[in-house]
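Enquirer: Predicted model follows, preceded by the sequence.
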Amino acid sequence: MYYPGDSYPFLLSITKADGSQPNVTSPPTITIIRQANKQVIIAAASMTLISGTQVIYEYSWNSTGMTEGCYLAVVSYAADDVTVTSRLLEKVQLGDSRVTGQVALDATVAKDATVAKAASTLQAANYVPPDASPLVLAIHDKVSALPSDPASETTLASLLEVLTDVKDQALGSWVVDKVANTLTMLRENGSVLKVFNLVDTPTEASRNAVSP
């Protein structure tokens, strides 16, 4: 199946009934016509002799810009004192002609999926080398500004432990044992944070850490 934009190879073999080499006095030309409106697309283009063959000519038709539909190729030439004018060489169908609807759509989508489209590929004119990209350079500057010796995991763990103690001291419970004269600070989860002995004299009151 050929689609608009594909190149189609037309081949013409000039032969004689006895199999001998024909004498081509006027090399063939090819004309391509859109069948629907009889418009001439290619007019009398020269065909090229394929070397090493017994008079086989070729013409590669680039169908870029053509619409889907049927096209006729006719040839004209002269050989062995016989002149051929506008003889039908081949009938070519561009696009799907025997399927319609979703099947035709899927066939076109499948073909397009194998072709790199300019709209979806990076063009050379738009390529920015990494060492010239503002985004890459900005990231590089941010990374370069990071300290060479960031805080270790041990330091961070110690800081987290201190912050947890401060939070438990602020939000946890206090239990005062008036018999033993002790103050017990409890964490939010009920475990013991710190125990103090309470000292109360006529002149001052204080707490002294006992444990842990």
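Expert: Noted; the coordinates are in hand. Numbering: from 1, shown residues only.
Enquirer: drop to CA atoms for contacts and neighbour counts, all remaining ones
Expert: OK.
Enquirer: Flag the shaky bits of this structure, pLDDT-wise.
Expert: Along the chain, the parts satisfying pLDDT under 70 run over 97-119, 149-151, 211-212.
Enquirer: Longest strand in it, by number of residues?
Expert: Taking DSSP state E as the criterion, the chain has its longest strand at strand 82-94.
Enquirer: and that one, what does it pack onto?
Expert: In terms of contacts (3 or more Cα pairs under 8 Å, 6 or more residues apart in numbering; DSSP states H and E), strand 82-94 is packed against strand 69-79.
Enquirer: between the strand it packs on and strand 82-94, how big is the angle?
Expert: Strand 69-79 runs at 160 degrees relative to strand 82-94, counting by axes from the mean of the first three to the mean of the last three Cα atoms, to 10 degrees.
Enquirer: Can you name the residues in contact with strand 69-79?
Expert: 22-36, 44, 83-95, 97 (Cα atoms under 8 Å, 6 or more residues apart in numbering).
Enquirer: and the nearest residue to residue 73 once chain neighbours are set aside, bridged to which residues?
Expert: Closest residue in space to residue 73, ignoring its immediate chain neighbours: residue 32 at 4.5 Å, by Cα to Cα, 6 or more residues apart in numbering. Under DSSP bridges, the beta-bridge partners of residue 32 are residue 42, residue 73.
Enquirer: Check the contact between residue 32 and residue 38; I expect there is one.
Expert: No. The criterion here is Cα atoms under 8 Å, and residue 32 misses it with residue 38 at 9.6 Å.
Enquirer: So which of these two has more stuff around it?
Expert: Shown here are residue 32 and residue 38; by other Cα atoms under 10 Å, residue 32 has more neighbours (24 against 11).
Enquirer: Could you pull up the residues touching the more buried one?
Expert: By Cα under 8 Å, 6+ apart, the contact list for residue 32 reads 40-43, 71-74.
Enquirer: Now render those residues as JSON lines, adding neighbour count and distance to residue 197.
Expert: Shown next, in JSON lines, are those (neighbours: other Cα atoms under 10 Å; distance: Cα to Cα, whole Å):
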{"residue": "40", "neighbour count": "15", "distance to residue 197": "110"}
{"residue": "41", "neighbour count": "14", "distance to residue 197": "107"}
{"residue": "42", "neighbour count": "13", "distance to residue 197": "109"}
{"residue": "43", "neighbour count": "12", "distance to residue 197": "112"}
{"residue": "71", "neighbour count": "19", "distance to residue 197": "106"}
{"residue": "72", "neighbour count": "18", "distance to residue 197": "110"}
{"residue": "73", "neighbour count": "21", "distance to residue 197": "111"}
{"residue": "74", "neighbour count": "19", "distance to residue 197": "114"}
